[in-house]
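Asker: What would the 3D arrangement of this be:
(3 chains)
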Amino acid sequence: MKSEPSVFSIDDLKAYKVTCWDGVRNYQARNFMRDAMKIGDGVLFYHSSTQPSGIAGLAEVVKESYPDYTAFDPKDIHYDPKSDPSKPTWYMVDVKFVKASKSIIALDRLKAIPALKNMVLFKYGRLSVQPVTPEEWKIILSLPEWD
DNA sequence: GCCAACGTTGGC
DNA sequence: GCCAACGTTGGC
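Answerer: Presented below is the predicted three-dimensional model:
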């Protein structure tokens, strides 16, 4: 899951402990949250649009998808009049803080690991919620930044 | 701030 | 259903 740290960072998640992942307004990203993310699933927390961009921590899914109510609020920046409360367009999940990495695992670094070459992160860079394979997860969790 | 790579919108 | 125009994301 990607977030601009100036908007919501791994430190914010640490402070909040649990947060709803609201504001996703992309169908593919929504589908992953709505259809694929289950309680207990691990989440790589990625800082985007920053220097350097990269993985900043770990989170875990604690609540499966439910309607993103920020879409119903005209005063919310993520308001979407097309989302009908009786048939919501947008969904979100809740995630909890697990840990921060000791340092950012930069995108360059991830790209340099041959076994990660097929990561969705590299192919669909703009997708804000995307799947990670068990193999990719294992490799990333074995990096020294988690010690 | 620029630009590539999308995704979305709307005219036809 | 096509496609041009426009908007957004995110790396650099």
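Asker: what about the helix or strand hosting A:V43 and DNA strand B, any contact?
Answerer: Using DSSP states H and E, the element containing A:V43 is strand A:42-47. No: shown here: strand A:42-47 not in contact with DNA strand B (Cβ under 7 Å from any atom of the strand), separated by at least 14.6 Å. Glycine gets a C-beta too; all of them are placed from N, C-alpha and C.
Asker: I'd like to know which elements that strand is packed against.
Answerer: Other elements packing on strand A:42-47 under the criterion 3 or more Cβ pairs under 8 Å, 6 or more residues apart in numbering; DSSP states H and E are strand A:2-3, helix A:10-16, strand A:54-67, strand A:91-106, helix A:134-141.
Asker: strands paired with the shortest one, and their directions?
Answerer: Translated: strand A:2-3. Sheet pairing of strand A:2-3 (DSSP bridges) gives strand A:42-47 (parallel).
Asker: residues in contact with the partner strand?
Answerer: By Cβ atoms under 8 Å, 6 or more residues apart in numbering, the residues outside strand A:42-47 that reach it are A:1-5, A:9-10, A:13, A:53-61, A:95, A:98, A:104, A:121, A:132, A:137, A:140.
Asker: Quick one: mean pLDDT over it.
Answerer: What strand A:42-47 shows for mean pLDDT is 98.
Asker: how far out from the middle of the chain is it?
Answerer: Relative to its chain's centre, strand A:42-47 lies at 5 Å (Cα atoms, centre = their mean, to the nearest Å).
Asker: cool, and stretch A:40-50?
Answerer: Centre-to-centre, stretch A:40-50 and its host chain are 4 Å apart (Cα atoms, centre = their mean).
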